[in-house]
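# predicted coordinates and the sequence they were generated for:
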Amino acid sequence: MADCCSEALTGEAGPAPAGLGSCNAALVGTPNSGKTSLFNALTGSRQKVANYPGVTVERIAGVVHTPAGHCIRLIDLPGTYSLRARSPDEEITRDVVLGKLASETAPDFLVCVADSTNLRLALRLALELKRAGRPMMLVLNMHDIARRRGMEIDAAKLSEMLGVPVVTAVSVRKGGIADVLVELDRLAPQGGAGESTWRTPSAAELRADQRRADDIIRAAVKTPPAPDTLTSRLDRVLLHPVAGLAILFAVLFVMFQAVFTWARPLMVLIQGGFDWLGASTHAMLPAGLLQSFIENGVIGGVGSVVVFLPQILILFLFILLLEDLGYMARAAFLMDKIMGGAGLHGRAFIPLLSSFACAIPGIMSTRVIDNKRDRLTTILVAPLMTCSARIPVYTLIIAAFIPDTAVWGLFSLQGLVMFGLYGAGILSALGVSAAAKFVFWRNEPSPPFMLELPDYKLPRLKSVGLGLVTRAKAFLYRAGTTIFAMMMMVWLLASFPRPPAGATGPAIDYSLAAMVGKLIHPLLAPVGFNWQISVALIPGMAAREVAVAALGTVYSIAGGSDAASAIGSRLAGQWSLATALAFLAWYIFAPQCASTLAVIRRETGSWKWMWVTFGYMLALAYIAAFAAYHIAVALGAG
Amino acid sequence: MLRESPPVVARSPLGHARPGFRGRIDAIHTAGNGSGLPADELERRLIELGFVEGASVEILHEGIIGRDPIAVRVDNATVALRRREAMAILVV
């Protein structure tokens, strides 16, 4: 049985493997139905995340081993209210349910998930799913919460009226899915899809389905007169027009202060580890090319990026907690009109907040925005949110040039500058979005904002932990591959050709890096950049944070020094404050991130929007750096 | 025959209601709406979020700018939407 599904996770089209009772099933449900926690409970660690071919919708597949020995390949489909498919995510759900997606085996049966405390919309979806003609079961998830609130659900009655088996589940508790497994064992051997009678429902059909669902609920569910009081009490404060916004901004402020201060001890520790590693390699190897390669290229390069792992994890911790809590939808509600003034949709808040971690997941999560225009605007401005890859750059420059003094005895000046840089990113995003609205969509009314506000739930430490581990792995993988490769390139460029015998200047002056840097330097001189910065910007195209490591390599090789860790103090000695400020201003916009541009190309399906993004960001970066440099020089910081 | 008007009900758009308003949906009337969506599409989206005739509604919260958007309790779920779209929901 152990390998009856060995190929189950590959996503290849084809019949189910011919082991003992193998079959395919799809998990469908409305947003916030606890679908993912049920999926996790059923499949445990036996899951795999990939992409559907040609689109960036995540394909999440797993294997369920049932007590009776069946082996079920389960697909977790994107949440939807109906099969009408208004977004790329919902199209995948529709096509898989109807068995029309070429790359996916048609499911033998469907598992429809509903939040027990909120059955109306889920039952309407279940009625629609029945028309797909496939065997189906309905799982009433979060049944414990419904019971605690005094709801009585007659599952047998529900099953009779719906015409499908109904079981209850508490997917976050151990043993809470026993009934689901029993029912899976009953459905698994049946298989065989009937005739699909599904077609795009009209308003009248949807209305009839909803009426039928309401009738079923009246007959099978007893709801107490006063439902969930905790959520409504919390919302009285958290959605209050003034207090709610104040709390939202306070949360964001704490988040950014935390990223800057909580992470410090861990970062010192990691930095110390890499310093020690570099020093011991230096002592072990004979002086020369190999020593420089290992110490400056490998250890220095990778270390200067890995050190930012704590900050990135703290940022993701906040985002995951707020998401699981149910607060993100509230944030969208509070921000809708404020962002609407700049031509952004309230739903854009979540993708834009994710973009503070990295623009790539942010841009990919714009798929929840069903309107094409809102989606494009969000994609266009997402890279302006200060992503975690800029943190290394900001941290380095701030630590080197901004004194560590207290302001009003409360905040650190360095923290405030960081906050200001984040603020500048946000303001420019609003400005660009307003400009895009004016340039591209002047005459169209803005599309609607409609969003369910789920009840608050305590985040599950296990799922938050799982999310953090995934993020950490992705970051370290990137540090180990892309960034490592780029650092190799920088080191090579900076080390070859070797200086001629009897040369007097530092070795790097004779290298390829110096030639490239000096070649583009005239373009960047007006904004106060020296040729070393010009060199560092090139590998920064692969990933923004690489610029830091590249500066380290360029400077430590230039000085022939062994202290790649002391980049900051070296910069403080070599750059004017005006140059440092111009560099920070450049990085607010920093168009150079190849992976972001690639994902924009893929998500919009057009080169045009990729070049629009690159072009406007480059222009803004240049203008901002130019202004910062010349204002600073005029004020005497040259 | 002379005008035999139906019994007058004081129905009004949900988009004009203030927080604390409780009522019941009387009709969904999306023709000529300002959302930029075709009437039929807006109607279907409203229904998919549970706005059907007979459902009870209560306005729980509103935003700070222009009292927009609004958070509406529809039976036992909460939905956020803008007043512009809520104009299509007629309540008594």
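Received, thanks.
# chain B versus the spatially most central residue of chain A, what's the distance?
Central residue of chain A (C-alpha atoms, centre = their mean): A:Pro361, 3.2 Å from the mean position. Between A:Pro361 and chain B the distance is 24 Å, computed by C-beta to the nearest C-beta, to the nearest Å. Glycine gets a C-beta too; all of them are placed from N, C-alpha and C.
# which phi and psi does that residue have?
Dihedral angles of A:Pro361 (phi, psi; degrees, to the nearest 10) stand at phi -60, psi -30.
# same question, B:Ile65
Backbone geometry at B:Ile65, expressed as degrees, to the nearest 10, gives phi -100, psi 120.
# go on, A:Trp611?
Torsion angles, degrees, to the nearest 10, at A:Trp611: phi -70, psi -30.
# list the residues that contact it.
Shown in contact with A:Trp611 (C-beta atoms under 8 Å, 6 or more residues apart in numbering or on different chains): no residues.
# and it, what's its pLDDT?
For A:Trp611, the pLDDT comes out at 91.
# close to chain A: what parts of chain B are there?
By C-beta under 8 Å from any C-beta of the partner chain, the residues of chain B that approach chain A are B:34-37, B:40, B:42-50, B:52-55, B:60-66, B:68-69, B:71, B:75-82, B:84-85.
# kindly supply the ChimeraX command isolating those of those that are buried.
Here is the ChimeraX command that selects the buried residues among the residues of chain B next to chain A (16 or more other C-beta atoms under 10 Å in any protein chain shown):
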select /B:35,37,42,43,44,45,46,47,48,49,50,52,55,60,61,62,63,68,69,71,75,76,77,78,79,80,81,82,84,85
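# before we move on, the earlier item: nearest residue to the residue nearest to the centre of chain A in space, please, no chain neighbours.
Computed as C-beta to C-beta, 6 or more residues apart in numbering or on different chains, the closest residue to A:Pro361 that is not its neighbour in sequence is A:Ser354, at 5.2 Å.
# what about the helix or strand A:Glu205 falls within, distance to the chain center?
Of the helices and strands defined by DSSP states H and E, A:Glu205 is found in helix A:203-220. Its chain's C-alpha centre and that of helix A:203-220 lie 37 Å apart, by C-alpha atoms, centre = their mean, to the nearest Å.
# can you pull the buried residues of that helix?
Within helix A:203-220, the residues that count as buried by 16+ other C-beta under 10 Å are A:203, A:205-210, A:213-214, A:216-217, A:220.
# tell me, which of those make contact with chain B?
When C-beta under 8 Å from any C-beta is applied, the members of the buried residues of helix A:203-220 adjacent to chain B are A:203, A:206-207, A:210, A:214.
# and the strands in the stretch 501-638 of chain A, which stretches?
Read by DSSP state E, counting those that start in this stretch, the stretch 501-638 of chain A holds no strands at all.
# check chain B too.
In chain B, the segments counted as strands under DSSP state E are B:12-13, B:22-28, B:56-65, B:68-74, B:77-81, B:89-91.
# repeat for the stretch 101-250 of chain A
Under DSSP E, counting those that start in this stretch, the stretch 101-250 of chain A gives strands at A:109-115, A:136-141, A:152-153, A:166-168, A:221-222.
# for the most far-flung residue of chain A relative to its centre, give its distance to A:Leu289.
Computed with C-alpha atoms, centre = their mean, the maximum C-alpha offset from the centroid of chain A is found at A:Gly502, amounting to 52.6 Å. From A:Gly502 over to A:Leu289 the distance is 18 Å, taken as C-beta to C-beta, to the nearest Å.
# who are the packing partners of the longest helix seen in chain B?
With secondary structure taken from DSSP state H, chain B has its longest helix at helix B:39-48. Helices and strands touching helix B:39-48, by 3 or more C-beta pairs under 8 Å, 6 or more residues apart in numbering or on different chains; DSSP states H and E, are helix A:203-220, strand B:22-28.
# can I get the first one as CSV, trimmed to CA atoms?
The reference is to helix A:203-220. Extracted as CSV, the C-alpha positions of helix A:203-220 are listed here (Å, rounded to 0.1, in the frame of the first residue of the first chain):
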residue,chain,number,x,y,z
ALA,A,203,-29.7,34.9,-12.4
ALA,A,204,-33.1,33.1,-12.1
GLU,A,205,-31.4,29.7,-11.7
LEU,A,206,-29.0,31.0,-9.1
ARG,A,207,-31.9,32.5,-7.2
ALA,A,208,-33.9,29.3,-7.4
ASP,A,209,-30.9,27.4,-6.0
GLN,A,210,-30.5,29.8,-3.2
ARG,A,211,-34.2,29.5,-2.3
ARG,A,212,-33.9,25.8,-2.3
ALA,A,213,-30.7,26.0,-0.1
ASP,A,214,-32.6,28.3,2.3
ASP,A,215,-35.5,25.9,2.4
ILE,A,216,-33.1,23.0,3.3
ILE,A,217,-31.5,25.1,6.0
ARG,A,218,-34.8,25.9,7.5
ALA,A,219,-35.7,22.2,7.6
ALA,A,220,-32.4,20.8,8.8
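# for that helix, which outside residues touch it?
A:82, A:119-120, A:123-124, A:126-128, A:153-155, A:157-158, A:161-162, A:201, B:40, B:43-44, B:47-48, B:50, B:52-55, B:75.
# does A:Met328 touch A:Leu353 like I think?
Yes - between A:Met328 and A:Leu353 there is a contact under C-beta atoms under 8 Å: 7.4 Å.
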